[in-house]
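*Asks:* Curious how this folds, go ahead:
(4 chains)
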Amino acid sequence: MRTHAEITPLADAVADLVRDGDTVALEGFTHLIPVAAGQELIRQRKRDLTLVRMTPDIVYDQLIGAGCARKLIFSWGGNPGVGSLHRFRAAVQAGELEIEEHSHAGMANRYVASASGLPFAVMRGYNGTSLPEHTSTIKSITCPFTGEQLTAVPALDLDVGIIHAQRADRDGNVQLWGQTGVQKETVLGAKRSIVTVEEIVDELDDKPYSVVLPRWVVTRVCEVPGGAKPSYAQGYYDRDNVAYKAWDEISRDKAQFDAWLEAL
Amino acid sequence: MRTHAEITPLADAVADLVRDGDTVALEGFTHLIPVAAGQELIRQRKRDLTLVRMTPDIVYDQLIGAGCARKLIFSWGGNPGVGSLHRFRAAVQAGELEIEEHSHAGMANRYVASASGLPFAVMRGYNGTSLPEHTSTIKSITCPFTGEQLTAVPALDLDVGIIHAQRADRDGNVQLWGQTGVQKETVLGAKRSIVTVEEIVDELDDKPYSVVLPRWVVTRVCEVPGGAKPSYAQGYYDRDNVAYKAWDEISRDKAQFDAWLEAL
Amino acid sequence: MTAYEADEMMTVEAARRLRDTTACFVGIGLPSTGANLARRTHNPDLVLVYEAGAIGAKPPSLPLSIGDGMLGETADTIASVPEIFNYWVQPGRIEIGFLGAAQLDRYANINTTVVGDYANPKVRLPGAGGAPEIAASCGEVVIIVRQSPRAFVEQVDFITSVGHGDGAGARERLGLRGKGPTKVITDLGILEPDPETRELTLTHLHPGVTAEQAREATGWDLKLADDLQTTEPPTEEELKALRELLAA
Amino acid sequence: MTAYEADEMMTVEAARRLRDTTACFVGIGLPSTGANLARRTHNPDLVLVYEAGAIGAKPPSLPLSIGDGMLGETADTIASVPEIFNYWVQPGRIEIGFLGAAQLDRYANINTTVVGDYANPKVRLPGAGGAPEIAASCGEVVIIVRQSPRAFVEQVDFITSVGHGDGAGARERLGLRGKGPTKVITDLGILEPDPETRELTLTHLHPGVTAEQAREATGWDLKLADDLQTTEPPTEEELKALRELLAA
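*Replies:* The predicted structure follows:
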């Protein structure tokens, strides 16, 4: 049995754990987005991935533009505070990317089901919306006690869960804090996991709203300072809003995007 | 709308919020058990209560012995590390107390369903055990995606949720830390809530593994130093193991118990 | 009296609607501006809840995104995203959901998913985010949106978030527990669902706007309330607070 | 060689079974003593998980209850009780569940609920606690219990936690995903389910115990393994560590 997370370079972790055709989630809700790990997937030319993410933002625009994705499972695809994701939008409008679309609540519950070892989760949601007409992973379920009609969404079947955290210790215990979204569920719900961290430290200490993922549930830890830029890492650096705005320009134009990709 | 929890004496909170016949949960898993609040229910001679608690320990033995309870919904009834709860045991063996019995996982999920505004929760559990033969609130449910058979348990229908916490501020924001069990769910899942606290402070500061219940989801806050004794309040006092052992003696003998009750 | 822009009128009016509110679920953009303005003017105790996890955020300036660091750092508490939706939104614990819209129909149904056909979209929009469950479960919903024939359409191309469905009784039939949209605040005026039919009806015009302008900016035959009123213009204090907020 | 008690042999043997284990779910009493001894002897990296929320607890002495302060204070992390069961136990993340029993039958089904009839009990026991789901979902289960005809019964009065049900194939039919009890460690020896029938069979006797003693302490016709072995007696180190633990 695995007792400690292995600490390796990011390139090795991606090469060893991510296979073409895998279902891969990179999570982080505005905060701690694993951008460096996403760009390593691009560099290693991973193909036919089913990419999962509640809020595909610029790193998913990059992955989609670079041709890594066959399918996207998501709930909100935009450049937050700026506008559209042009590579994502172009791919969808051209019919080049299969999509499976949910609401945030639906996606969050799908992660919860995965982390819980359940095949589905129950929620109130989607009633009266157009989503169930287009998304087959939304079904009705009846409460066996009250007869009430509710909604079921299936667990995500994640091969690899990738997140960015502030710190890990040398045994691979991972700590993140602040707004931590669905990152715990992403690691616990996936068969294999990669956590990039700002730094590896001798000992973790207490932090407010801290999530600790113990060494034995994490597959790889990779030290990648700045690995969440241009998103932010509380306690390390702020969100680079200028870079988010600049991405609009780059992704809008296919030639500019190709030049960006070439230079990556 | 209520914007702040009201800060009142415990006796007023119990008099105003708990009615005969109510379904009431007092939670705290070993840590932060709301003993003082339970004893106030006894003093005010509340009757016909449906008492809910994962681990009815000595405070429930007291409530049952004092005749406050019509029914008990629970998952483990013992004096932890000591032995039996004699008043509970006597009442059940005499058929004087209706019981609805679950496992910890089942109870935890019932609290989660209540806090989530759902009529039920889904889990893996109870298959092959004798519990479903005796507990009508355990039913089978089929996954609409995989066809797998799972188990459903209904939300608890809580009138009042009572917990003990370390601190609150003057607006009624409540903070507890350490092992916090199902306390968040107990407050969020109940129509009305009472939180006794060790102290009321000007400002809350960060604590490891802290749960904060904001002022607008708590009905009453009551300052009751030592309100969890003989259980413990991390940062304030340790568990009084001697008292737990002494309770065995008192509750074993009806006359001794009656004398204890008289003196309360 | 200080001159003001239509957007300022809209935002000030939105803030006023939070005067007696305990907790408000805040979307990014116009809703966030309105809610933060309310906290600085009419309702300093207003609890702002953001979908990335901040409960009781007190941001010193307007956040650019829903999960900005300042939201978590100033919050009364932080919840995980599953907890936000399951423990806070779903049970109806939050009185008002403040939403925007790309398209809106006469029953206040919201589209933020796609213009044109879903499979062959003319314009692909960001999608649902937290809005469907906010619209379903918050006590009521206030929509803030600039009024134009492109946005105010006879029929939305996709129902991302349900307003009043196909009219009277629809929410009840769908099992939606919140009241749904009770106000649509635009740069021209205020629309409210008719108590009987649930169709959006113009109840207020902002100062200087005519009913004809509002009707021209609407893609359906907009009904006017019998007692059509004029919104109170922004006060000096409201404008000052708003401009400080936007400049911070 | 130091003299030792039967309980010490039992506890030492239990600890040995955790030599290669990553994480162990620990019940209070004998299981907790065995697991804490393992962490002090054969497996310093052993992750102890307690149902009140401590994950990776490193208690300096034996906790009296499942939620003692020392468990949380020394843990790698603390989870809420719903999280412990939903995210940690239910998915089978924990390799070994360490359980006790009031009654046990030949298929290692456990009763901790009631002796006699459920509605008119002779003795009301504490009930299920966390055991049913630990028995269902942990990778495997090790039971530690003193052997006696009162405890080792032909048929349990109530199945609180499923062992091997009614024998071969039962767990699969019930959809239980863990392997179930793989060892029952008693003060007399070790019982293991027969690979074919799943009936508990005596595979080891502790030094100085006879097969006849074990059979007399069992309420059913106890089968003996063909290659019945003798447990290694506790080493000096094991005994020293155990006695220090109990004295701490």
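*Asks:* any idea how far C:Trp88 lies from A:Val82?
*Replies:* Look at C:Trp88 and A:Val82: by Cβ to Cβ, to the nearest Å, they are 27 Å apart. Quick note: C-beta positions are derived from backbone N, CA and C, even for glycine.
*Asks:* residues in contact with A:Leu97?
*Replies:* Taking Cβ atoms under 8 Å, 6 or more residues apart in numbering or on different chains, we find A:Leu97 in contact with A:64, A:69-72, A:88, A:91.
*Asks:* Around chain B, which positions in chain C sit nearby?
*Replies:* Near chain B, the residues belonging to chain C are C:20-23, C:45, C:47, C:55-56, C:76-77, C:86-87, C:90-93, C:95, C:137 when assessed by Cβ under 8 Å from any Cβ of the partner chain.
*Asks:* Strands of the chain, start to end?
*Replies:* In the absence of a named chain, this looks at chain A. Taking DSSP state E as the criterion, chain A carries its strands at A:6-7, A:23-26, A:49-53, A:69-74, A:98-101, A:120-123, A:139-142, A:149-154, A:158-169, A:174-177, A:190-201, A:210-213, A:220-223.
*Asks:* not what I meant, chain C
*Replies:* C:23-26, C:47-49, C:54-55, C:77-78, C:96-99, C:103-104, C:110-111, C:114-116, C:121-124, C:140-144, C:181-185, C:189-193, C:200-205, C:223-230.
*Asks:* Can you list the low-confidence ranges for chain C?
*Replies:* Low-confidence segments of chain C (pLDDT under 70): C:1.
*Asks:* Residue in it with the shortest distance to chain B?
*Replies:* The nearest approach of chain C to chain B comes at C:Pro91, 2.9 Å away (Cβ to the nearest Cβ).
*Asks:* Does that residue touch B:Lys191 like I think?
*Replies:* No - contact status for C:Pro91 versus B:Lys191: not in contact, 11.3 Å apart, counting by Cβ atoms under 8 Å.
*Asks:* of those two, who's got more company?
*Replies:* A count of neighbours by other Cβ atoms under 10 Å in any protein chain shown puts C:Pro91 above the other of C:Pro91 and B:Lys191, at 18 against 13.
*Asks:* can you list the residues of chain A near chain B?
*Replies:* A:117-124, A:137, A:139-141, A:143-146, A:148, A:150, A:152, A:154, A:206, A:208-210.
*Asks:* Just list the residues touching the residue in chain A that chain C sits nearest to, thanks.
*Replies:* For chain A, the residue closest to chain C is A:Thr30, as judged by Cβ to the nearest Cβ, at 2.7 Å. Counting by Cβ under 8 Å, 6+ apart, A:Thr30 touches A:55, A:80, A:179, A:231-232, A:239, C:52, C:65-68.
*Asks:* So which of the residues you listed wins on neighbours?
*Replies:* Within the contacts of A:Thr30, A:Gln179 tops the neighbour count with 32 neighbours, counted by other Cβ under 10 Å.
*Asks:* hang on, that one packs against A:Gly28?
*Replies:* No - look at A:Gln179 against A:Gly28 with Cβ under 8 Å: they stay out of range, at 9.3 Å.
*Asks:* Am I right that A:Thr137 is in contact with A:His102?
*Replies:* Yes - here A:Thr137 reaches A:His102: they are 7.4 Å apart, a contact under Cβ under 8 Å.
*Asks:* Looking at the strands of chain A, which is nearest to B:Pro9?
*Replies:* When the strands of chain A are ranked by distance to B:Pro9, counting by Cβ to Cβ, first place goes to strand A:210-213 at 35.5 Å.
*Asks:* average pLDDT for that closest one?
*Replies:* The average pLDDT within strand A:210-213 is 95.
*Asks:* Adjacent strands (with direction) for that strand?
*Replies:* Within its sheet, and counting by DSSP bridges, strand A:210-213 is paired with strand A:174-177 (antiparallel).
*Asks:* Only alpha carbons, please: show the partner strand as CSV.
*Replies:* C-alpha atoms of strand A:174-177 as CSV (Å, rounded to 0.1, in the frame of the first residue of the first chain):
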residue,chain,number,x,y,z
VAL,A,174,-0.8,18.8,1.4
GLN,A,175,-2.3,22.0,2.9
LEU,A,176,-4.4,24.6,1.2
TRP,A,177,-6.4,27.4,2.7
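*Asks:* average pLDDT for that strand?
*Replies:* Computed over strand A:174-177, the mean pLDDT rounds to 98.
*Asks:* can you list contacts of that strand?
*Replies:* If you take Cβ under 8 Å, 6+ apart as the criterion, strand A:174-177 is touched by A:5, A:32, A:163-168, A:183, A:187, A:195, A:197, A:204, A:207-213, A:218, A:221, A:234-235.
*Asks:* Run the chain-centre distance for it.
*Replies:* For strand A:174-177, the distance from its own C-alpha centre to the chain's C-alpha centre is 16 Å (Cα atoms, centre = their mean, to the nearest Å).
*Asks:* Might one say that A:Pro132 is in contact with A:Gly106?
*Replies:* No - using Cβ under 8 Å, A:Pro132 is not in contact with A:Gly106; the gap is 10.3 Å.
*Asks:* joint contacts of the two?
*Replies:* Counting by Cβ under 8 Å, 6+ apart, the shared contacts of A:Pro132 and A:Gly106 are A:126, A:138.
*Asks:* so what sits against both of A:Thr137 and A:His102?
*Replies:* Taking Cβ under 8 Å, 6+ apart as the criterion, A:Thr137 and A:His102 both touch A:110, A:153.
*Asks:* Neighbour count: the two, which is higher?
*Replies:* For A:Thr137 versus A:His102, the count of surrounding residues by other Cβ under 10 Å is larger for A:His102: 25 against 19.
*Asks:* need the contact list for A:Ile33.
*Replies:* Applying Cβ under 8 Å, 6+ apart to A:Ile33 gives the contacts A:26, A:57, A:59, A:164, A:228, A:231.
*Asks:* now for these, which pair is the farthest apart?
*Replies:* Greatest spatial distance among these (Cβ to Cβ): A:Asp57 and A:His164, at 13.3 Å.
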